[in-house]
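1. Sequence and predicted structure below; questions after.
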Amino acid sequence: MAAGYLAAGKAAEKATFEFTLRRLPANRNFVIMAGLPEAVDYLLNLSFTAEEIEYLRGLDQFRNAPPNFFEYLRTFRFTGDLFSVPEGTPLFAGEPVLTIRGPLIEAQIPETFVLSAITFQTLIATKAARSVHASQGRPVIEFGTRRAHTPQAGVLGARAAYLGGCEGTSNTEAGFRYGIPVMGTAAHSWVMSFASETEAFRQLQRLLGEHTIQLIDTYDTVAGARQAAALGAPLWGLRIDSGDLLSLSREVRAVLDAAGLHDAKIMASGDLDEYKIRDLLRDGAPLDAFGVGTQLATSADAPAMGATYKMVELDLGGIHRFTAKFSDEKTTLPGSKQIFRDKARDVIARSGECGNGEALLRPVILGGCLIEPLPTLEQARCRAAQSLARLPAPLRELEEAEQPWPVIYSRELRTLVEQTRLNLER
């Protein structure tokens, strides 16, 4: 497409593209915006090496590309603008997440990367927020790198999970890179490497002191709890990774209390998700923390999200044209937009309108330059927690709410939609 735009003389045209949530994943009443730093870093550093250009030149698809296209790529940089909703913001179906504006080729090329970067972390942050809500104030730790789709996805997933409310991660690289608290336990292989469970527990306690979390289900969970309890303090607590977590947690709690270890905690893990956490606590399981891995790192029940990256405006050398799709079930709205949020609803308006409440889409990159440092991960995490707390209680629950958050269009936007439809029908 970039080569074709250049060949057709369209490279100088100014285009506006929007990343929009077409629909929410199943059983989601919101999603939490995440992944903006990766998109920003991509745009600020977008370029083509000589080796990459020669690879493209050798593809059959580029046999008819104009020679100046490859020269164009040698100096290619993103010189446009990026507007985005801040990370940690709850979003709803039909809302624009970010806007990219610039020369047509520059605005077109980022489509795949931006969709992937934002969608993945948004799904994980949302899954984390749901798990944290289900835990009723108990810590949830991200345990999912081993099940993530790549090691890189594990690191970014840990970041998104922390943004969504998890207390920490077992991924040390994510802790190093983003300052996320790192937490975890020894694996079953640690226990199996010693002649006895007691010796394994003793050596771990000697190493970790008050941070010790003993994994007690390698052989027999209750017997493991007794051996760990017999060693006494220092001890953070015990972790159960298999079996009937409800009955086992009750038995383990009784063992700890009988040993006078009333402050020792019990962590549960093992294919947990927000539904299992909710059910365990509803049934009275004496659990103090949760390690969530596979289900969180892959957003297993909702691994994809319907989002689009579509052109909404085109400036043809001073002639302004609004663009939209009107195909069945895949309609898009013309024109650059803004979201105004107040205490009761969101209004999607044209970008030049004034509205009530907070304007969510904000400038991030102008003229190819970052205008100010992005909010920190801690700030995004805080925004997520505060924003979710302001939502009506039914929207924070795990099932689809009967009344979704109201999202309406402004009068000016509705008028533009109808005018654009009529223009395209002529």
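-> Perfect, thanks for sending it.

2. So the residue lying closest to residue 94 once chain neighbours are set aside versus residue 386, what's the distance?
-> Excluding its sequence neighbours, the residue lying closest to residue 94 (Cβ to Cβ, 6 or more residues apart in numbering) is residue 407, at 5.6 Å. Quick note: C-beta positions are derived from backbone N, CA and C, even for glycine. Relative to residue 386, residue 407 is positioned 20 Å away (Cβ to Cβ, to the nearest Å).

3. higher neighbour count, these two?
-> Applying other Cβ atoms under 10 Å to residue 407 and residue 386 shows that residue 407 carries more neighbours, namely 17 against 10.

4. Output the below-cut-off pLDDT ranges for this structure.
-> Low-confidence segments of the chain, defined by pLDDT under 70: 426.

5. now do 80
-> Residues of the chain meeting the criterion pLDDT under 80: 328-329, 424-426.

6. tell me, which helix in it spans the most residues?
-> Counting by DSSP state H, the longest helix found in the chain is helix 111-134.

7. Return it as PDB; C-alpha atoms alone will do.
-> C-alpha atoms of helix 111-134 as PDB (Å, rounded to 0.1, in the frame of the first residue of the first chain):
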ATOM      1  CA  GLU A 111      -1.600  -0.200  11.800                       C
ATOM      2  CA  THR A 112      -0.500  -3.800  12.600                       C
ATOM      3  CA  PHE A 113       2.000  -2.900  15.300                       C
ATOM      4  CA  VAL A 114      -0.300  -0.500  17.100                       C
ATOM      5  CA  LEU A 115      -3.300  -2.800  17.000                       C
ATOM      6  CA  SER A 116      -1.200  -5.700  18.400                       C
ATOM      7  CA  ALA A 117       0.600  -3.600  21.100                       C
ATOM      8  CA  ILE A 118      -2.500  -2.000  22.500                       C
ATOM      9  CA  THR A 119      -4.800  -5.000  22.200                       C
ATOM     10  CA  PHE A 120      -2.600  -7.500  24.000                       C
ATOM     11  CA  GLN A 121      -1.800  -5.400  27.000                       C
ATOM     12  CA  THR A 122      -5.400  -4.100  27.200                       C
ATOM     13  CA  LEU A 123      -6.700  -7.600  27.400                       C
ATOM     14  CA  ILE A 124      -4.200  -8.600  30.200                       C
ATOM     15  CA  ALA A 125      -4.800  -5.500  32.200                       C
ATOM     16  CA  THR A 126      -8.500  -6.100  32.000                       C
ATOM     17  CA  LYS A 127      -8.200  -9.700  33.100                       C
ATOM     18  CA  ALA A 128      -6.000  -8.600  36.000                       C
ATOM     19  CA  ALA A 129      -8.600  -6.000  37.100                       C
ATOM     20  CA  ARG A 130     -11.300  -8.700  37.100                       C
ATOM     21  CA  SER A 131      -9.100 -11.100  39.100                       C
ATOM     22  CA  VAL A 132      -8.300  -8.300  41.600                       C
ATOM     23  CA  HIS A 133     -11.900  -7.400  42.000                       C
ATOM     24  CA  ALA A 134     -12.800 -11.100  42.700                       C
END
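
8. Buried residues of it, list them for me.
-> Neighbour counts over helix 111-134 (16 or more other Cβ atoms under 10 Å) mark 111, 114-115, 117-134 as buried.

9. and if you look at stretch 373-384?
-> Those would be 374, 375, 377, 380, 381, 383, 384, for stretch 373-384 by 16+ other Cβ under 10 Å.

10. What of stretch 77-85?
-> By neighbour count with 16+ other Cβ under 10 Å, stretch 77-85 contains the buried residues 78, 80, 81, 82, 83, 84, 85.

11. For the second one, grab phi and psi.
-> To tie it back to what came earlier, the one meant is residue 80. Dihedral angles of residue 80 (phi, psi; degrees, to the nearest 10) stand at phi -90, psi -160.

12. thinking again about what came up before, so the residue nearest to residue 94 makes contact with residue 91?
-> No. Residue 407 lies out of contact with residue 91 (Cβ atoms under 8 Å); the separation is 9.5 Å.

13. still on that earlier bit, out of the buried residues of stretch 77-85, name the ones that lie in strands.
-> Judged by DSSP state E, strands contain the following of the buried residues of stretch 77-85: 81, 82, 83, 84.

14. Kindly present those as TSV, with separate columns for distance to residue 232.
-> Formatted as TSV, those follow (distance: Cβ to Cβ, whole Å):
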residue	distance to residue 232
81	62
82	56
83	58
84	52
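
15. and residue 138, what is it in contact with?
-> Contacts of residue 138 were listed using Cβ atoms under 8 Å, 6 or more residues apart in numbering, and they are 281, 287, 288, 289, 290.

16. Could you give the bridge partners of residue 320?
-> Counting by DSSP bridges, residue 320 is bridged to residue 315.

17. That one: how many residues sit nearby?
-> Using other Cβ under 10 Å: residue 320 sits among 10 other residues.

18. do residue 260 as well
-> By other Cβ under 10 Å, 11 other residues sit near residue 260.

19. what do you get for residue 41?
-> Per other Cβ under 10 Å, the neighbour tally for residue 41 reads 13.

20. can you check the one 5 residues further on too?
-> The burial metric for residue 46, expressed as a neighbour count using other Cβ under 10 Å, is 15.

21. got a list of what it touches?
-> 76, 77, 78, 109, 110.

22. thinking again about what came up before, quick one: the buried residues of stretch 77-85 as CSV, columns for distance to residue 180 too.
-> Listed next are those as CSV, based on distance: Cβ to Cβ, whole Å:
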residue, distance to residue 180
78, 29
80, 32
81, 31
82, 25
83, 28
84, 22
85, 22
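
23. which parts of the helix or strand hosting residue 229 are buried?
-> Applying DSSP states H and E as the criterion places residue 229 in helix 221-231. Residues of helix 221-231 classed as buried: 221, 222, 224, 225, 226, 227, 228, 229, 231 (neighbour count, 16+ other Cβ under 10 Å).
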